[in-house]
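Visitor: my questions are about this predicted structure, shown below with the sequence.
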Amino acid sequence: MKRMTFMEQNAYERFMAKTRLTDEGCLEWTAYRTPDGYGRFQVGRRSSRLAHRVAWEMFVGPIPRGLTLDHLCRNRACVNPGHLEPVTLSENHRRGKLGNFNREKTHCRHGHEYSPENTYVHGGRRHCRICNRERQVLYRWRLNIRSQRTGAYIPPRLRA
């Protein structure tokens, strides 16, 4: 390990003073946390950075370009570099609790079941065929009402 300058030593001591070791092995951030639960560390006079990113750069090195740090322990306040892994943003989302949120849904927001017969995928997202059909009927009905008021031409394929 390279020898630290006074400023680096000061930052290291300040950083470590804001952590505590938990029973699970997490090095938990005890200073300010964002509403999302991530620690923040004051770097300069005016800027602060996410504490887990500072920890990675302090103990491991630069975060590879295009990657983000995933908390393997699922504890957002953890700054233990052993509990962090650089991954793509999409992989981080897939691993997180929100990544499976939509995948685990069994019904659309209107209560229709996501069955193979009632579901289609467009743009990487599931859609309910029943809701789509109801939206189309409503759209055509509104289009008809507008055309009767204004006398606008409606192509036959869009007429109700």
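Guide: Nice, thanks for sending it over. Numbering: from 1, shown residues only.

Visitor: state the distance from the residue nearest in space to the middle of the chain to Cys73.
Guide: Centrality entry for the chain: nearest residue to the mean C-alpha point is His93, 5.3 Å, by Cα atoms, centre = their mean. His93 sits 17 Å away from Cys73, going by Cβ to Cβ, to the nearest Å. C-betas here are computed from N, CA, C, even on glycine.

Visitor: related to what we said a few turns ago, need the pLDDT of the residue nearest to the centre of the chain.
Guide: His93 is assigned a predicted lDDT (pLDDT) of 83.

Visitor: then Ala160?
Guide: 58.

Visitor: before we move on, what about Lys105?
Guide: 86.

Visitor: does it really touch Gly111, like I thought?
Guide: No - contact status for Lys105 versus Gly111: not in contact, 11.4 Å apart, counting by Cβ atoms under 8 Å.

Visitor: just to revisit the earlier point, shouldn't the residue nearest to the centre of the chain be within a strand?
Guide: No - under DSSP: H, G, I helix; E, B strand; the rest coil, His93 sits outside any strand and is assigned helix.

Visitor: which SSE is the closest residue to Gly82 other than its chain neighbours in?
Guide: Excluding its sequence neighbours, the residue lying closest to Gly82 (Cβ to Cβ, 6 or more residues apart in numbering) is Gly25, at 7.7 Å. Under DSSP states H and E, no helix or strand contains Gly25.

Visitor: surely Gly25 and His83 touch.
Guide: Yes - contact criterion Cβ under 8 Å: Gly25 and His83 qualify, at 7.3 Å.
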